[in-house]
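Chemist: pasted the sequence and its predicted model underneath.
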Amino acid sequence: MADHCCSKKGETLTELARKKDQRRILVIVMVINLAMFAVEFGGGLLARSSALMADSVDMLGDAFVYTLSLYALHRGARWEAGAAIAKGGIILAFGIAIIIEIANKIVNGVPPSSSLMLTFGAMALVANLVCLALLWRFRTANVNMSSTFECSRNDVASNIGVLVAAGFVGLIGSAWPDILVGALIALIFLRSAWRVLSEAIPAWRSARGTLANTLR
């Protein structure tokens with residue numbers, strides 16, 4: 001019996017330590033995303049790039065995502081799944097927002113500054129690679145951290161797309177590369193939203209059912 005209790009205590013301490021590590025990493029990536037939102041959004045305004053501005057607003061959304069992840073960490077499976085559902089909704093909203101921005105760009109598009117796109121896009125890529133590296137070991141810890149990692153991976157893909165668009169804008173002097181990459185980013189967001197929600201909603205229902213059975 002004593003051995004069993006010690007074993008359970010050890011498992012509990014290990015879990016608490018793991019959650020503490022998750023919290024520390026989430027705080028770091030949240031601060032990085034808030035800082036890069038300000039930098040990249042300013043760069044998007046200067047460059048007149050819808051792709052840069054969309055990517056920067058996505059970083060602001062990620063800061064909210066990490067805040068939700070922090071809130072859910074110590075509140076059990078149902079809260080973690082609920083936070084993942086909220087994150088899936090945020091990703092979906094940004095995907096739709098980018099589609100609206102693309103439509104506006106098609107109507108009123110002006111070729112952006114490729115050099116500024118490259119500069120600020122590269123800064124954002126470095127920041128998101130750091131975030132991705134920090135989150136890597138927690139990517140399968142639970143549905144909450146898995147969805148957080150998904151957000152960070154989307155950011156890296158978006159940054160690469162911005163850099164590709166900047167290169168083509170510089171080559172042909174047209175806004176269309178910015179528009180096409182923006183459309184691709186939107187598709188990535190919509191796909192990711194589907195993936196996160198398809199995992200989180202069943203997990204939330206399962207946790208809700210477990211809680212209901214416990215209360216009976």
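Modeler: Cool, got the structure. Numbering: from 1, shown residues only.
Chemist: now the strands for the chain?
Modeler: Ranges of strands in the chain, per DSSP state E: none exist.
Chemist: got any ranges where it has weak pLDDT?
Modeler: 1-18, 68-69, 72-80, 109, 144, 208-216 (pLDDT under 70).
Chemist: so which residue is dead centre in it?
Modeler: Cys151 (2.4 Å; Cα atoms, centre = their mean).
Chemist: I'd say it and Ala86 touch.
Modeler: No: counting by Cβ atoms under 8 Å, Cys151 stays clear of Ala86, with 11.6 Å between them. Bear in mind the C-beta positions are built from the backbone N, C-alpha and C, glycine included.
Chemist: so who does the residue nearest to the centre of the chain touch?
Modeler: Residues counted as contacts of Cys151 (Cβ atoms under 8 Å, 6 or more residues apart in numbering) are Asp62, Val65, Lys87, Ile91, Ser192.
Chemist: again, 6 Å this time
Modeler: Counting by Cβ atoms under 6 Å, 6 or more residues apart in numbering, Cys151 touches Asp62, Val65.
Chemist: check which residues of stretch 28-45 are buried.
Modeler: Going by neighbour count (16 or more other Cβ atoms under 10 Å), the buried part of stretch 28-45 is Val29, Met30, Ile32, Asn33, Leu34, Met36, Phe37, Glu40, Phe41, Gly43, Gly44.
Chemist: the last one touches Asp55, doesn't it?
Modeler: The one in question is Gly44. No: Gly44 lies out of contact with Asp55 (Cβ atoms under 6 Å); the separation is 7.7 Å.
Chemist: what about Ala141, how many residues nearby?
Modeler: Ala141 is flanked by 17 other residues according to other Cβ atoms under 10 Å.
Chemist: how much space separates it from Ala133?
Modeler: Ala141 is 16 Å from Ala133, where distance means Cβ to Cβ, to the nearest Å.
Chemist: cool, and Asp62?
Modeler: Distance from Asp62 to Ala133, by Cβ to Cβ: 15 Å.
Chemist: look up how far Lys105 lies from the residue nearest to the centre of the chain.
Modeler: Distance from Cys151 to Lys105, by Cβ to Cβ: 24 Å.
Chemist: ok, Gly182 next?
Modeler: 7 Å.
Chemist: any common contacting residues for these two?
Modeler: In contact with both Gly182 and Lys105: Ser50, using Cβ under 6 Å, 6+ apart.
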